[in-house]
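[1] pasting a predicted model and its sequence here:
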Amino acid sequence: MLAGLIFLLILGLILGVFTAKPKGIVIWHWMADRQAALESLADMYFNETGTKVKFVLVSPSEKYANKIRFASTLGRLPDIYGMLGGVWEFSRFINSGYAVELSEYLDADGGQWRDEFLNGVIAENEFRPGNEQNVTPGIYGISIDVNNIQMVYNKKLFKQAGLDPEEPPRTWGEFIECGRKLKEAGIPVLVSGWGELWMIDCFADIYAWNLMGQDQIMRTIKGDISYTGHDWVRVLKLFEEMKNAGMLVDGITAMDNKRAEEIFANSQAAMAFNGSWCVNVYREMNPSLDYGVFMPPRLSGEYPMKIWGGVGAPFIVNAKSKNKKEAIDFLKWLTAEEQQVYLSRTTCNLPVNKRAIFSVPSKLKEFADDMGSVVHPKVFTMVENSKVREEFDRGAQAVINGQETPEDVTKSVKKIKSIVGRYRYIGSN
């Protein structure tokens, strides 16, 4: 009997050694609003493939960014990780060997995977030839959603002010007049996170595009057109006009976007300048909020109205992972139509899959309908020096606060431009 027990014990050990463990990959991210949906997708994937996927949530975003930086110094990044930060930080991870170049996988089988995506999605995670970060040209990330930034308005407050809740303003003049009527009705008008420079920069940029078009903006970046020119002064005067009409909520230039979202969600302002991610935010803050979405009101008829937008932060496959194939296979699955529809419906974010875009929730469709008007500086051959942009954006805040005139701001921007003296080439078309 003892011999039999020993035999069974040895057999068990042998089977334990030779029985393959389920394959598994680990993914780090910071998107708390999507954790439940991602975990559900991980369960679906395991049932389909037998590969375990573990999503590790690290929040808030600042904590997450520090975590991946520290892990990279120790060589302990997971199989897949989300990337926060700008192009320079992204490039440091790539140049340290922590990102797989994905072109061959996107182009395999006649470009089947690449063909899944909306136009422009892949390009936003691409480093082009001649990039100043010295990254080997290629595609190093896959985003799972897209976004754009527009105007939203509270229909109940519009009606309260005697405005048509189904007819938001279409022109700048209508916008200012709408603001005056709301103000007269005692309703705070416009809120946005303009304490965050990127948000006020976004608003300024879309009107620069509408006034000048791409060519004149590129010529300004090159130095052929001065920031003291009439059109750039006009962009800054838009902030002055909103201030003079009493349209801007108190403290807007010191307000982060989270606070601005709370104000709009609680019907404490009639309009907001915000991104498509707000659909999920407002749903969580105030499910009964009745609001609509409209394009920023047109200022000029000479050039089309563009809106800022692009892809969400990308997922990166760790080039030092032992599970690269499994990680890439999962990203292919995650960006396929069925999974993208599920993510969109559960998290209210716009999908990257071009077929899934037709199945988004109704409120999100109001953002999705305008994806054809999206533009983002990342896709151009050059971008303005960050010091110049910062001077312009802080100048816009100063105009709102009554501290400087638009003309004074453009003179300061011109001075910084002459000191910096260079723009940044991203690559060639």
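    Looks like it came in fine. Numbering: from 1, shown residues only.
[2] select the longest strand from the chain.
    The strand of greatest length in the chain, counted in residues with DSSP state E as the criterion, is given as strand 145-154.
[3] what mean pLDDT does the following helix or strand past that strand have?
    On the C-terminal side of strand 145-154, the nearest following helix or strand under DSSP states H and E is helix 155-160. In this model, helix 155-160 has a mean pLDDT of 98.
[4] helix or strand right after helix 155-160?
    For helix 155-160, the succeeding helix or strand toward the C-terminus, using DSSP H and E, is helix 172-184.
[5] ok, back up a step: let me know the angle separating the longest strand of the chain from helix 172-184.
    On the basis of axes from the mean of the first three to the mean of the last three C-alpha atoms, to 10 degrees, strand 145-154 is oriented at 50 degrees to helix 172-184.
[6] may I have strand 145-154 exported as PDB, CA atoms only?
    Taking C-alpha atoms only, strand 145-154 is exported to PDB below (Å, rounded to 0.1, in the frame of the first residue of the first chain):
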ATOM      1  CA  ASP A 145     -10.700  54.800 -27.900                       C
ATOM      2  CA  VAL A 146     -10.900  58.200 -29.600                       C
ATOM      3  CA  ASN A 147     -12.300  61.600 -28.500                       C
ATOM      4  CA  ASN A 148     -13.100  65.100 -29.600                       C
ATOM      5  CA  ILE A 149     -13.800  68.300 -27.800                       C
ATOM      6  CA  GLN A 150     -16.900  70.400 -28.500                       C
ATOM      7  CA  MET A 151     -19.500  72.500 -26.700                       C
ATOM      8  CA  VAL A 152     -22.300  71.000 -24.500                       C
ATOM      9  CA  TYR A 153     -25.300  72.800 -23.300                       C
ATOM     10  CA  ASN A 154     -28.000  72.300 -20.600                       C
END
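[7] which strands and helices lie in contact with it?
    Here strand 145-154 is seen to pack against strand 271-275, strand 291-294, strand 307-311, helix 337-347, strand 350-351, helix 362-368 when contacts are counted using 3 or more C-beta pairs under 8 Å, 6 or more residues apart in numbering; DSSP states H and E. Where you see a C-beta, it was placed from the backbone N, CA and C, and this is true even at glycine.
[8] next, count neighbours for the closest residue in space to K67 that isn't next to it in sequence.
    Leaving aside its sequence neighbours, K67 sits nearest to V58 (C-beta to C-beta, 6 or more residues apart in numbering; 5.2 Å). The tally of other residues near V58 (other C-beta atoms under 10 Å) stands at 17.
[9] between the helices and strands packed on strand 145-154, which one is closest to Y153.
    strand 271-275 (4.7 Å; C-beta to C-beta).
[10] next SSE after that closest one?
    Using DSSP H and E, the first helix or strand after strand 271-275 is helix 278-285.
[11] could you check the angle strand 271-275 makes with that next one?
    120 degrees.
[12] what's in contact with helix 278-285?
    33, 152, 261-262, 264-266, 272, 289, 291, 347-349, 361, 363-364, 367 (C-beta atoms under 8 Å, 6 or more residues apart in numbering).
[13] tell me the pLDDT of the closest residue to P60 other than its chain neighbours.
    The shortest distance from P60 to any residue other than its chain neighbours is 7.0 Å, reached at W30 (C-beta to C-beta, 6+ apart). Looking at W30, its pLDDT is 90.
[14] give me the number of residues near W30?
    Residue crowding around W30 was assessed by other C-beta under 10 Å; the count is 21.
[15] ok, it - contacts?
    Going by C-beta under 8 Å, 6+ apart, W30 touches 57-61, 63-65, 82, 84.
[16] list buried residues within the residues you listed.
    The neighbour count (16 or more other C-beta atoms under 10 Å) marks 57-58, 61, 64-65, 82, 84 as buried among the contacts of W30.
[17] how far does stretch 280-289 sit from its chain's centre?
    20 Å (C-alpha atoms, centre = their mean, to the nearest Å).
[18] shift numbering so it begins at 22
    Yes, from this point I'll number from 22; that puts the last item at stretch 301-310.
[19] CA atoms only: put that stretch into CSV for me.
    What follows is stretch 301-310 as a C-alpha-only set of coordinates in CSV (Å, rounded to 0.1, in the frame of the first residue of the first chain):
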residue,chain,number,x,y,z
ASN,A,301,-19.5,59.0,-19.0
VAL,A,302,-18.5,61.6,-16.4
TYR,A,303,-21.9,63.3,-16.6
ARG,A,304,-23.7,60.0,-16.5
GLU,A,305,-22.0,59.1,-13.2
MET,A,306,-22.4,62.6,-11.7
ASN,A,307,-26.0,63.2,-12.7
PRO,A,308,-27.8,60.5,-14.7
SER,A,309,-30.8,62.7,-15.3
LEU,A,310,-28.9,65.6,-16.8
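[20] average pLDDT across that stretch?
    What stretch 301-310 shows for mean pLDDT is 93.
[21] pull out the buried positions in that stretch.
    Buried residues in stretch 301-310, defined by neighbour count with 16+ other C-beta under 10 Å: 301-304, 310.
[22] ok, the residue nearest the centre of the chain - contacts?
    Against the mean C-alpha coordinate of the chain, by C-alpha atoms, centre = their mean, the closest residue is G333 at 4.3 Å. The neighbours of G333, taking C-beta under 8 Å, 6+ apart as the test, are 164-168, 370.
[23] picking up where we left off before, what's the closest of the buried residues of stretch 301-310 to F224?
    Using C-beta to C-beta, V302 is the member of these that lies nearest F224, at 18.7 Å.
[24] any idea how far D100 is from the nearest residue to I273 once chain neighbours are set aside?
    Beyond its immediate neighbours in the sequence, the residue positioned closest to I273 (C-beta to C-beta, 6+ apart) is W215, lying 5.0 Å away. To D100, W215 is 39 Å away according to C-beta to C-beta, to the nearest Å.
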